[in-house]
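> dropping a prediction and its sequence here:
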Amino acid sequence: MTSPTTAAQPLGFGRIFTDHMVVAEYTAKGGWGPHRVAKRADFQLDPAASVLHYGQALFDGAKAFLGHDGKLRVFRLDAHLARMQRGAQRLCMPPVDAEALRKSILQLLDTDRAHAPTGEGQSVYIRPILFGTEGFLGVRPSESYTLFVILSPVGNYYEAGTKPLRLWVEREDVRAAPGGLGEAKTGANYLASLAAAQKAKARGYDQVLWLDAITRNKLEEVGTMNLFVQIGDTVITPPLDGTILPGITRASSLALLRSWGVNAEERAITFDEVRGAVKAGTLRGIFGTGTAAVVAPVGELGTAEETLTIPTGQDVSPRLLDAITRLQRGLSDDPNGWMTTV
C-alpha cells in the first residue's frame, strides 16, 4: 500500500489503496463462483472484453469509519448493495449475490483494518465494481463478469474541505435524459459529466449544477451529489424520476429531516424559483449530499449573466452533517439500524 498520510501529504480521495481486494467471477453457465479475499493485483482482460468496447460496468461506493472506541462501522451497507442490485438489472447484468458480497466486504475490511485512518473527516471508501469480461464485438450483454471490491483510505472529497462550493449552472451539457441511465451508478454517467466539470473549473468554480435535459431550468444534481434547497422552513430535493441517482445519503437526510419535524418535499424546483427566493430573501441555503462528501454547502451559483450569493449556515445542512457524522463515528444512537460493525 502507498504510505499513509502525513501532514505534508494529506490522504485526498481515492489515491491510496489497501493491500487486499474481493474477487468473484460469473458465467452464464455456472453462475456466481465463490467470493474470495486476495492480494490486490492487476486484471488480465481479453482485448475484446465488453467493458472495453461497450462500457458494461457498474459500481457503488460506501464508507467505513473507525470510531474512538476502536470499532469499524459501515454506513448503510445493505442500502448500497440493494442499489447495486437495481443497477445491475438496468444494465442487463447478472444479479449480485448481495449476502455473499456483504460478508466478503466485511471480511475485507477486517483483513485491512490496520489501514483505516483515524483523522477527523477520514474514512475507508469501499468501491465494489461489476464489469463484463466476455471477448466479443457483437452488441449484446456479456455472458461473463468479474465482481471486485477495493478499499481506499480517504480524507475530504473536495480539496477545499468544508468550504462552501462555487457552482457553475450548466445550460449546455446535460448529465442524463429521461429514459437514460441517470439513476444507475454506471461509469457512463460520470464520463458524461467530465467536460462540463472541466469547463466549470476553468472558470474558477468547484463543480457543476446540473439542469434537466428538456427545459434546462429544473435543478437536478450538484456535481456528483444529490441536491437540496431550503426556502424558508421547507427543504426541497428533486424527485427520483429516472434521471437522478437515488443517493443513500439523500435518503438518510430525508429520513432524519422528517424525524425532526422538518417539512421535506420531493418535488421539481427550478433555477428561476431559486433566483426568486434569493431576491426575496427567503432562500436559507443550498447543499449537496453524497457518500464521498456527506453534506456540502453551496455558497455561490454562477451563469454567464449573473452570480447568485447563497446564504450558508442558515439552513439544516450543519445539523444534518453533525447528525450523520456522529452516527458514522459511533458517537450517537442508531435507532434505524444503519450502521454495521465489523
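Now that the structure is in, tell me what you want to look at.
> all contacts plus neighbour counts: C-alpha atoms, from now on.
Fine.
> list phi and psi for the residue lying closest to Thr111 once chain neighbours are set aside.
The shortest distance from Thr111 to any non-neighbouring residue, by Cα to Cα, 6 or more residues apart in numbering, is to His20 (7.7 Å). Here is the backbone geometry of His20 (degrees, to the nearest 10): phi -120, psi 170.
> ok, His20 touching Asp110?
No: under the criterion of Cα atoms under 8 Å, His20 is not in contact with Asp110, lying 10.6 Å apart.
> of the two, which one has the most company?
A count of neighbours by other Cα atoms under 10 Å puts His20 above the other of His20 and Asp110, at 19 against 14.
> picking up where we left off before, how near is the residue nearest to Thr111 to Arg326?
Using Cα to Cα, to the nearest Å, we find His20 at a distance of 28 Å from Arg326.
> and Leu77, by the same measure?
17 Å.
> who's more crowded, the two?
Ranked by neighbour count (other Cα under 10 Å), Leu77 and Arg326 place Leu77 first, with 21 against 15.
> what does the closest residue to that one other than its chain neighbours show for phi and psi?
In this structure, Leu77 finds its nearest non-sequential neighbour in Ala62, 6.7 Å apart by Cα to Cα, 6+ apart. Dihedral pair for Ala62: phi -120, psi 180, per degrees, to the nearest 10.
> does Ala62 touch Val294 like I think?
No: using Cα under 8 Å, Ala62 is not in contact with Val294; the gap is 11.0 Å.
> give me the pLDDT for Tyr158.
If you check Tyr158, the pLDDT there is 73.
> what of the one 3 residues further on?
Predicted confidence (pLDDT) for Gly161: 57.
> with Glu120 instead?
With respect to pLDDT, Glu120 scores 85.
> okay, now it: neighbour count?
With other Cα under 10 Å as criterion, Glu120 counts 8.
> how many neighbours does the residue nearest to Arg171 when sequence neighbours are not counted have?
Closest residue to Arg171 in three dimensions, ignoring its sequence neighbours and counting by Cα to Cα, 6+ apart: Arg216, at 6.0 Å. Arg216 has 18 neighbours, counted by other Cα under 10 Å.
> where's Arg216, which helix or strand?
Following DSSP states H and E, there is no helix or strand that holds Arg216.
> same question, Ser104
Assessed by DSSP H and E, Ser104 sits inside helix 98-111.
> so what touches that helix?
Applying Cα atoms under 8 Å, 6 or more residues apart in numbering, the set of residues contacting helix 98-111 from outside is 20-22, 35-37, 77-78, 81-82, 85, 149, 151, 342.
> which helix is the longest one in the protein?
If you go by DSSP state H, the chain has its longest helix at helix 187-202.
> what is the mean pLDDT for that helix?
Helix 187-202 comes out at a mean pLDDT of 94.
> alright, calling it a day.
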